[in-house]
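J.: Need a 3D model of the sequence below.
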Amino acid sequence: MCFGSQDKSNDPAPQPAQVQPSSSSAAYPKASVPQDYAPPSGPPPSQGQSYPYQSQSQSQSTYAPPPGPPPPHSHSQEFAPPPGPPPSESKNNPFFSSGPQTGEYAPPPGPPPTHVPGQRQHDWQTAVPDTALLPPPPNFFSGFDRSPTNNATEEEAEAGETWCRQYPLYQPMPLNQEVASAARHGNIAVYAPPFFTAQGRGSLTQTGPGVWRGRSEKGATDTCLATYPPLYHVAAHSPLVTGRKKTAYYEVHILEDGSRRDEVSLALGFTAPPYPAFRLPGWHRGSLGVHGDDGHKYINDRWGGKSFTAPFRRGETLGLGMEFSVAPGGNGIAVEVFLTRDGVESGRWNLHEESDLEQDLPVTGLEGYHDLCAAVGVFEKVAFEIVFVPGLWKWRGFEG
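T.: Residues are numbered from 1 along each chain as shown. Below is the predicted model of the structure:
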């Protein structure tokens with residue numbers, strides 16, 4: 001409180017009255033505190049002295065633990081399992097079976113089913129046929145990017161493609177009996193392009209009806225010798241017209257005199273006209289061929305071909321044939337190509353089955369719907385004789 005303004009005395013303020021200690025406060029005398037703040041003697045107040053609001057029993061056992069052992073030791077059955085068997089074998093389990101059981105996963109009584117007397121086992125030998133009787137699988141992804149022996153340049157390959165785009169395939173010629181008779185008797189003419197015979201690069205002469213002899217000199221470029229009339233004349237030979245199989249075939253004899261010793265630079269093939277004369281058969285559309293330097297087969301393939309046979313040899317007679325027949329079910333024409341060596345068939349392939357739709361180019365022109373001519377490709381030094389007369393062939397398969 002503050003003093004009032006009516007008190008005008010200059011006397012000093014009175015001292016406060018001294019209060020005498022009562023009996024109740026005598027128990028708490030004012031202790032003198034040393035200047036160094038040392039703790040009082042004796043135990044702490046909580047254990048050595050009682051407070052006025054604390055009973056005697058509380059002052060002696062304020063934080064004392066309860067009597068007896070700790071609680072975990074006084075309840076020994078607190079986490080014990082329930083009495084009786086496990087639920088899986090208890091009758092309180094709704095899935096419990098009251099029948100006799102020796103174990104939860106005990107096998108059924110008796111021997112295994114496969115050992116039942118008199119039971120016949122599965123005859124897998126009959127269900128799974130012998131794969132040796134099946135035809136060989138197609139040679140997928142077996143093409144080469146390059147030939148291991150000789151390769152034309154990319155510019156020459158592009159020139160051939162340009163030529164083929166400029167001159168599309170001819171349509172089959174109308175039925176001509178003279179053409180059909182000439183093909184039947186082997187009266188076939190062979191034509192060399194002008195650049196082949198010019199400047200002594202090569203020569204070609206007819207030695208008899210259906211027999212031609214030629215040679216190319218060292219350094220000669222790729223040349224395709226064309227023939228006429230076609231060996232396969234659609235109007236006269238198609239199996240869809242005649243109902244019979246037609247085989248177009250011819251042979252080439254590799255002469256030892258005038259040919260290289262290390263390789264035979266000659267190719268046998270068939271082409272649907274027209275075909276570029278500066279490219280070997282098998283490199284472009286509507287053509288196939290077997291090349292003697294590497295033994296590969298080429299079907300519209302200007303890269304490295306596919307493995308087929310061994311390289312040709314000097315003194316050997318090679319034959320190439322195409323068979324045309326009605327496809328199974330009468331749907332289209334089936335075509336097979338085969339090679340003979342010294343009169344013995346040494347390999348064949350199906351034109352359609354052994355092709356890859358993703359990697360191989362189309363076989364248009366070779367499927368039996370276009371006229372097909374024999375084509376002999378040569379380069380470098382090689383001497384040869386072409387035979388179209390059946391009576392002069394080493395292969396006698398045409399007689400059967």
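
J.: and residue 206, that one's in a strand?
T.: Yes. Counting by DSSP: H, G, I helix; E, B strand; the rest coil, residue 206 is located in a strand.

J.: OK, contacts around it?
T.: Under the criterion of C-beta atoms under 8 Å, 6 or more residues apart in numbering, the contact list for residue 206 reads 189, 190, 212, 213. For every residue, glycine as well, the C-beta is placed using N, CA and C.

J.: End to end on stretch 229-241, go ahead and measure it.
T.: Distances were taken as C-alpha to C-alpha, to the nearest Å; on that basis the terminal residues of stretch 229-241 are 19 Å apart.

J.: Run through who's touching it.
T.: Residues outside stretch 229-241 that contact it (C-beta under 8 Å, 6+ apart): 172-177, 179-180, 182-183, 188-189, 242, 245-246, 248-250, 270, 273, 322, 324-326, 333, 368-374, 388.

J.: taking the contacts of residue 206 one by one, which sit in helices?
T.: Using DSSP state H to define helices, no part of the contacts of residue 206 is located there.

J.: Is there a quick PyMOL command that grabs whichever of these are buried?
T.: Only the buried entries of the contacts of residue 206 go into this PyMOL selection, using 16 or more other C-beta atoms under 10 Å:
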select buried, resi 190+212+213
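
J.: ok, the contacts of residue 206 vs residue 152, which is closest?
T.: residue 190 (22.4 Å; C-beta to C-beta).

J.: Mind pulling up the pLDDT for that closest one?
T.: Residue 190 is assigned a pLDDT of 97 by the prediction.

J.: The closest residue to it other than its chain neighbours pairs with what?
T.: Ranked by C-beta to C-beta, 6 or more residues apart in numbering and with sequence neighbours excluded, the top spatial neighbour of residue 190 is residue 212, at 4.6 Å. On the basis of DSSP bridges, residue 212 takes part in beta bridges with residue 206, residue 386.

J.: any chance of the contacts of residue 206 in a markdown table, with distance to residue 166 too?
T.: Output for those, formatted as a markdown table (distance: C-beta to C-beta, whole Å):
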| residue | distance to residue 166 |
| --- | --- |
| 189 | 25 |
| 190 | 24 |
| 212 | 29 |
| 213 | 33 |
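
J.: that older thread, what residues are up against the residue nearest to residue 190?
T.: The neighbourhood of residue 212, defined by C-beta under 8 Å, 6+ apart, consists of 190, 204, 205, 206, 385, 386.

J.: before we move on, back to that, among the contacts of stretch 229-241, the buried ones, what's the ChimeraX command?
T.: Only the buried members of the contacts of stretch 229-241 enter the following ChimeraX selection, criterion being 16+ other C-beta under 10 Å:
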select :172,179,180,182,183,188,246,248,249,250,270,273,322,324,325,326,333,368,369,370,371,372,373,374,388
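
J.: Can you list which of the contacts of stretch 229-241 are found in strands?
T.: For those, membership in strands holds for 189, 246, 248-250, 270, 322, 324-326, 333, 373-374, with DSSP state E as the criterion.

J.: Figure out how far stretch 288-295 is from the centre of its chain.
T.: Distance of stretch 288-295 from its chain centroid, counting by C-alpha atoms, centre = their mean, to the nearest Å, is 29 Å.

J.: outside of that stretch, which residues touch it?
T.: For stretch 288-295, the external contacting residues (C-beta under 8 Å, 6+ apart) are 147-150, 254, 263-270, 280-283, 296-300, 305, 307-312, 318, 320, 337, 339, 363, 366, 375, 377.

J.: Could you tell me which of those belong to strands?
T.: Counting by DSSP E, these place 254, 266-270, 296-299, 307, 318, 320, 337, 339, 375, 377 in strands.

J.: Is it possible to mark the buried ones in those residues?
T.: For the ones in strands among the contacts of stretch 288-295, burial is judged from neighbour counts taken by 16+ other C-beta under 10 Å, and it is met by 254, 266-270, 296-299, 318, 320, 337, 339, 375, 377.

J.: among the contacts of residue 206, which two are most distant?
T.: Most distant of these, by C-beta to C-beta, are 189 and 213, 13.7 Å apart.

J.: Quick check: of the buried ones among the ones in strands among the contacts of stretch 288-295, which lies closest to residue 127?
T.: Of those, the one sitting nearest to residue 127 (C-beta to C-beta) turns out to be residue 337, at 35.6 Å.

J.: doesn't residue 321 make contact with that closest one?
T.: Yes. Taking C-beta atoms under 8 Å as the contact criterion, residue 337 and residue 321 are neighbours in contact, 7.2 Å apart.

J.: top helix in this structure by residue count?
T.: For the chain, assigning by DSSP H, the longest helix comes out as helix 154-166.

J.: Just the CA trace of that one, in PDB.
T.: The C-alpha coordinates for helix 154-166 follow below in PDB (Å, rounded to 0.1, in the frame of the first residue of the first chain):
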ATOM      1  CA  GLU A 154      28.500 -52.800-104.100                       C
ATOM      2  CA  GLU A 155      28.400 -50.500-107.200                       C
ATOM      3  CA  GLU A 156      28.000 -53.500-109.500                       C
ATOM      4  CA  ALA A 157      25.200 -54.900-107.300                       C
ATOM      5  CA  GLU A 158      23.300 -51.600-107.300                       C
ATOM      6  CA  ALA A 159      23.800 -51.400-111.100                       C
ATOM      7  CA  GLY A 160      22.100 -54.800-111.400                       C
ATOM      8  CA  GLU A 161      19.200 -53.700-109.200                       C
ATOM      9  CA  THR A 162      18.800 -50.600-111.200                       C
ATOM     10  CA  TRP A 163      18.700 -52.600-114.500                       C
ATOM     11  CA  CYS A 164      16.100 -55.000-113.000                       C
ATOM     12  CA  ARG A 165      13.900 -52.100-112.000                       C
ATOM     13  CA  GLN A 166      14.200 -50.600-115.500                       C
END
